[in-house]
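Chemist: sequence and predicted model, in that order:
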Amino acid sequence: MAAELHHLQGTRFAALALLLGACQVLPPAEQARGTHGNVRAASQARAAELSAALDQLAPRVRALLPDARDRKLSVWVQDVPELYWLPRTVMAEADGFYAPGLNRIHLREQAEDIERTLTHELVHATLGPTWEALPGTLEEGLCDVIAAQLCPASAARLRAGRLSSASLALGSIDFELDASLPSLSFLAQLRVDGATAVPVDPLDVFRSSAGLSSAKLSPHVKKALYGLAGMVVQRIVDRRGLAGLHELCLRARDEDHEHVPTDWILEAAGLERDTESWRRALLEGLGQEELLEFVRGHPDLATPALLEFLGPLRAESLPGPVLRTLRASLRLPQSGASIELLSQPEVLASLAQAWNG
């Protein structure tokens with residue numbers, strides 16, 4: 001009876017596999033073959049461009065990673081990354097994903113930095129079995145750290161988004177605003193609070209796999225866990241290198257742990273269990289380049305405070321002459337990063353627009 005039941009179950013699974021195979025989305029029309037795989041895209045030029053990127057990035061990813069797999073990959077560049085049209089596999093927040101059963105990477109055509117996204121997914125595709133000991137969302141953090149290293153042009157923007165999202169999920173980000181005119185000065189504390197009243201528990205980064213499409217997590221929590229994972233992995237890599245992070249995986253396997261214990265990771269990253277130590281570590285990772293990217297994304301951050309400072313002048317002056325003499329700097333106390341606000345066109349435009357508001 002047990003054998004018959006097994007046979008029936010196998011028949012059902014085979015039928016399901018056939019159904020899902022029939023429901024796969026069609027591949028993009030054009031393709032280009034390279035040394036490390038086949039790339040399909042809407043145009044031949046785009047396929048060739050990404051094929052060259054794959055051939056350039058795949059060996060660099062393998063060279064960085066201990067226990068790296070070398071495999072031929074397929075890459076599909078789509079308007080929306082998806083695998084099946086039924087059931088839908090759209091990952092609304094993702095610029096790409098890796099389908100391990102097919103050895104295929106799916107990329108969003110309009111990704112912010114498609115080569116960085118490709119690199120992130122290449123890390124998933126390249127990790128050998130010993131890396132499965134990384135718990136929770138840490139594999140995503142590893143992918144981000146390597147993608148930032150190999151694609152430096154957009155690395156600061158990536159870190160700014162990840163670290164600020166995680167910081168806000170744990171509470172707030174505090175800034176110091178220092179402004180002056182030839183005869184007047186102003187100092188203010190600015191606080192940006194998180195979007196939710198329920199902060200994320202940072203230790204959830206070891207419990208929840210935010211990168212899985214099956215993860216039942218809100219976009220807010222997923223973004224926070226990605227930021228936390230990247231911060232943890234970066235701190236370990238800064239202290240021990242990628243080899244040191246991999247050694248934790250090997251040690252866990254040797255001692256019969258399914259995953260690297262939390263205490264080992266905390267020790268390697270120089271972190272405590274309390275939320276405030278995590279928030280402090282996140283903010284310490286926001287350097288000058290990351291602060292600049294954050295302000296570019298939130299150009300009206302200091303506008304209300306600066307308009308309050310300029311209040312007496314707004315009724316009797318045009319904005320141009322006043323803003324040309326205004327000096328304003330924004331500082332993150334935790335990292336010491338500081339930028340000149342009015343050197344950013346987006347900030348000037350925000351102030352000018354709100355002048356008579």
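Modeler: Yes, it's here. Residues are numbered from 1 along each chain as shown.
Chemist: make it CA atoms for all contacts and neighbour counts henceforth
Modeler: Noted.
Chemist: now residue 80: phi and psi?
Modeler: phi -130, psi 120 (degrees, to the nearest 10).
Chemist: I should have written residue 24 there, sorry.
Modeler: Here residue 24 shows phi and psi, under degrees, to the nearest 10, equal to phi -70, psi 140.
Chemist: may I have the beta-bridge partners of it?
Modeler: residue 84 (DSSP bridges).
Chemist: distance of it from residue 75?
Modeler: For residue 24, the distance to residue 75 (C-alpha to C-alpha, to the nearest Å) stands at 15 Å.
Chemist: for the two, indicate the residue with more neighbours.
Modeler: residue 75 (25 against 16; other C-alpha atoms under 10 Å).
Chemist: please pull up the helix or strand immediately following the helix or strand in which the more buried one is found.
Modeler: Using DSSP states H and E, residue 75 sits within strand 73-78. Counting by DSSP H and E, the next helix or strand C-terminal to strand 73-78 is strand 96-99.
Chemist: that following strand - what's its average pLDDT?
Modeler: Summarised as a single mean, pLDDT over strand 96-99 is 94.
Chemist: give me the helices and strands touching the next helix or strand after that strand, please.
Modeler: Per DSSP H and E, the first helix or strand lying C-terminal to strand 96-99 is strand 104-108. Strand 104-108 is packed against strand 73-78, strand 96-99, helix 114-126, with contacts defined by 3 or more C-alpha pairs under 8 Å, 6 or more residues apart in numbering; DSSP states H and E.
Chemist: let's go with 6 Å and repeat that
Modeler: strand 73-78, strand 96-99 (3 or more C-alpha pairs under 6 Å, 6 or more residues apart in numbering; DSSP states H and E).
Chemist: ok, the longest one: who's next to it in the sheet?
Modeler: With DSSP bridges as the criterion, the sheet partners recorded for strand 73-78 are strand 37-41 (parallel), strand 104-108 (parallel).
Chemist: now what about it, what contacts it?
Modeler: Residues from elsewhere that reach strand 73-78, judged by C-alpha atoms under 6 Å, 6 or more residues apart in numbering: 37-41, 103-109.
Chemist: could you check the angle helix 114-126 makes with that strand?
Modeler: Interaxial angle, strand 73-78 versus helix 114-126 (axes from the mean of the first three to the mean of the last three C-alpha atoms, to 10 degrees): 140 degrees.
Chemist: next, the buried residues of strand 73-78.
Modeler: 73-78 (16 or more other C-alpha atoms under 10 Å).
Chemist: that one - what's its average pLDDT?
Modeler: 97.
Chemist: likewise stretch 58-66?
Modeler: 98.
Chemist: and stretch 130-137, by the same measure?
Modeler: 98.
Chemist: can you give me the end-to-end span of that stretch?
Modeler: Per C-alpha to C-alpha, stretch 130-137 runs 16 Å from first to last residue.
Chemist: contact partners of it?
Modeler: 205-210, 229, 249, 259-260.
Chemist: so how far is that stretch from its chain's centroid?
Modeler: Relative to the centre of its chain, stretch 130-137 is centred 18 Å away, using C-alpha atoms, centre = their mean, to the nearest Å.
Chemist: got it, and stretch 259-272?
Modeler: 21 Å.
Chemist: repeat for stretch 338-351
Modeler: 25 Å.
Chemist: in it, what counts as buried?
Modeler: 338-339, 341-342, 346-348, 350-351.
Chemist: same check, this time on stretch 24-35
Modeler: 24, 28, 30-32, 34.
Chemist: just give me the least confident of those residues.
Modeler: residue 24 (80).
Chemist: so what's residue 329 closest to, chain neighbours aside?
Modeler: residue 340 (4.5 Å; C-alpha to C-alpha, 6 or more residues apart in numbering).
Chemist: ok, now how distant is that neighbour from residue 180?
Modeler: In terms of C-alpha to C-alpha, residue 340 sits 12 Å off from residue 180.
Chemist: centre of the chain versus the strand holding residue 75, how much separation?
Modeler: Worked out by C-alpha atoms, centre = their mean, strand 73-78 lies 20 Å from the chain centre.
Chemist: where exactly do the helices run in this protein?
Modeler: Using DSSP state H, the helices of the chain run over 2-22, 44-64, 114-126, 138-150, 155-169, 219-254, 262-269, 275-284, 288-297, 303-309, 311-314, 319-325, 345-354.
Chemist: just the mean pLDDT for the third one, thanks.
Modeler: Which is helix 114-126. Mean predicted confidence for helix 114-126 is 98.
Chemist: show me the contact partners of it.
Modeler: 68-69, 98, 143-144, 147, 151.
Chemist: any chance of these in JSON lines, plus distance to residue 125 and neighbour count?
Modeler: Output for the contacts of helix 114-126, formatted as JSON lines (distance: C-alpha to C-alpha, whole Å; neighbours: other C-alpha atoms under 10 Å):
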{"residue": "68", "distance to residue 125": "9", "neighbour count": "19"}
{"residue": "69", "distance to residue 125": "8", "neighbour count": "14"}
{"residue": "98", "distance to residue 125": "7", "neighbour count": "22"}
{"residue": "143", "distance to residue 125": "10", "neighbour count": "24"}
{"residue": "144", "distance to residue 125": "14", "neighbour count": "29"}
{"residue": "147", "distance to residue 125": "13", "neighbour count": "25"}
{"residue": "151", "distance to residue 125": "18", "neighbour count": "16"}
